[in-house]
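[1] sequence-free structure coming up:
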Ligand SMILES: [Zn+2]
């Protein structure tokens with residue numbers, strides 16, 4: 001009996017030692033790659049905040065899940081459980097991330113968007129409560145699309161390409177509220193930044209104010225320089241048809257980590273739809289014409305969070321409280337992605 005207890009104690013000590021050795025330094029990404037310093041675009045890197053410093057010290061404590069286990073990838077056509085979204089937000093509740101990931105090894109990712117299940121709409125999103133540090137050791141890039149003033153100067157659409165595109169386009173705007181897309185993208189990005197930091201991630205922001213001038217290629221190069229484990233570009237869409245609604249995902253046509261792009265796109269879009277009630281039927285679209293993708297060598301996705309040309313979605317996307325819910329949905333999808341990659 002005493003011998004068994006001795007063996008159990010030895011095993012426990014070994015587990016603790018191995019776990020301590022496995023924990024990464026916050027400035028090293030999940031692949032063990034260390035950020036070179038100085039980077040070429042350090043001017044855009046936010047100064048360390050108390051949350052970032054806390055993340056550094058807390059990494060020694062280890063990380064914990066957010067109370068939900070992401071199931072293994074399942075068919076995009078498989079039935080997806082309706083997310084548990086209650087009418088009354090439970091501030092302290094553990095987020096109910098129970099949906100099945102909507103991506104497969106052979107997903108219908110084509111120029112014709114895949115069709116996925118539409119989540120229930122009309123419910124009040126359940127507030128996200130961050131427990132533990134599920135993103136400890138990760139480096140995540142956020143690019144709130146556009147900026148206060150567009151930049152009509154041009155740059156190659158891809159490294160070595162002779163095709164030139166505008167450095168930064170103006171983006172769309174709310175036809176009913178007048179809200180500018182760059183404002184929505186930034187508001188969501190700042191909420192998301194704070195959530196990711198609270199969860200232990202190192203967050204690389206391409207911009208934290210409207211009045212910047214950073215080209216799409218420069219944004220992608222920043223993510224390369226910082227070796228982000230995942231880059232998320234935040235955008236809203238516009239359509240000539242005011243009846244068009246819904247969120248969808250863009251992924252690069254070519255990327256060194258294309259399977260990671262697909263996995264992240266599916267999980268983030270599904271969580272976003274489940275949490276906000278915005279339709280996600282349009283699925284994932286592959287794009288080879290985006291400067292912000294073509295220059296990026298890291299896993300990267302672009303979420304189009306809804307249509308500002310539709311009256312209902314314009315009012316939602318322009319609403320400050322709803323913008324927080326949008327960030328929460330994206331956050332949940334990012335956590336699921338890194339759980340799936342673990
Ligand atoms: Zn945009």
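    Alright, I've got the coordinates. None of these values were measured; they are calculated from a predicted model.
[2] which bits of the stretch 101-250 of the chain sit near the ion?
    145, 171, 235 (CB under 5 Å from the ion). Yep, even glycine has a C-beta here, placed from its N, CA and C like the rest.
[3] near the second one, how many other residues are there?
    Around residue 171 there are 20 other residues, counting by other CB atoms under 10 Å.
[4] that older thread, would a markdown table of the residues of the stretch 101-250 of the chain next to the ion with pLDDT be doable?
    Converted to a markdown table, those look like this (pLDDT from 0 to 100):
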| residue | pLDDT |
| --- | --- |
| 145 | 98 |
| 171 | 97 |
| 235 | 98 |
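[5] closest to residue 217 among those residues?
    Proximity of those to residue 217 (CB to CB) peaks at residue 145, which lies at 13.8 Å.
[6] so who does the nearest residue to that closest one once chain neighbours are set aside touch?
    Excluding the flanking residues, the one nearest residue 145 by CB to CB, 6 or more residues apart in numbering is residue 235, at 4.1 Å. With contact taken as CB atoms under 8 Å, 6 or more residues apart in numbering, residue 235 is in contact with 145-146, 171, 181, 185, 302-305.
[7] OK, contacts around the closest residue to the ion within the stretch 1-150 of the chain?
    At 4.1 Å from the ion, residue 145 is the closest residue in the stretch 1-150 of the chain, using CB to the ion. When contacts are counted by CB under 8 Å, 6+ apart, residue 145 touches 171, 181-182, 185, 233-235, 302.
[8] among the contacts of residue 235, which are located in strands?
    Per DSSP state E, strands hold the following members of the contacts of residue 235: 302-305.
[9] need the residues you listed in TSV (columns: pLDDT, neighbour count and distance to the ion).
    Output for the ones in strands among the contacts of residue 235, formatted as TSV (pLDDT from 0 to 100; neighbours: other CB atoms under 10 Å; distance: CB to the ion, whole Å):
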residue	pLDDT	neighbour count	distance to the ion
302	98	23	9
303	98	28	10
304	98	21	7
305	98	29	10
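[10] these into TSV, with extra columns for distance to residue 340?
    As requested, those are arranged in TSV below (distance: CB to CB, whole Å):
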residue	distance to residue 340
302	19
303	17
304	22
305	22
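[11] in this structure residue 190 contacts residue 208, no?
    Yes. Counting by CB atoms under 8 Å, residue 190 does reach residue 208; the two are 6.8 Å apart.
[12] those two: which is more packed in?
    For residue 190 and residue 208, the more surrounded residue by other CB under 10 Å is residue 190, and the numbers stand at 18 against 14.
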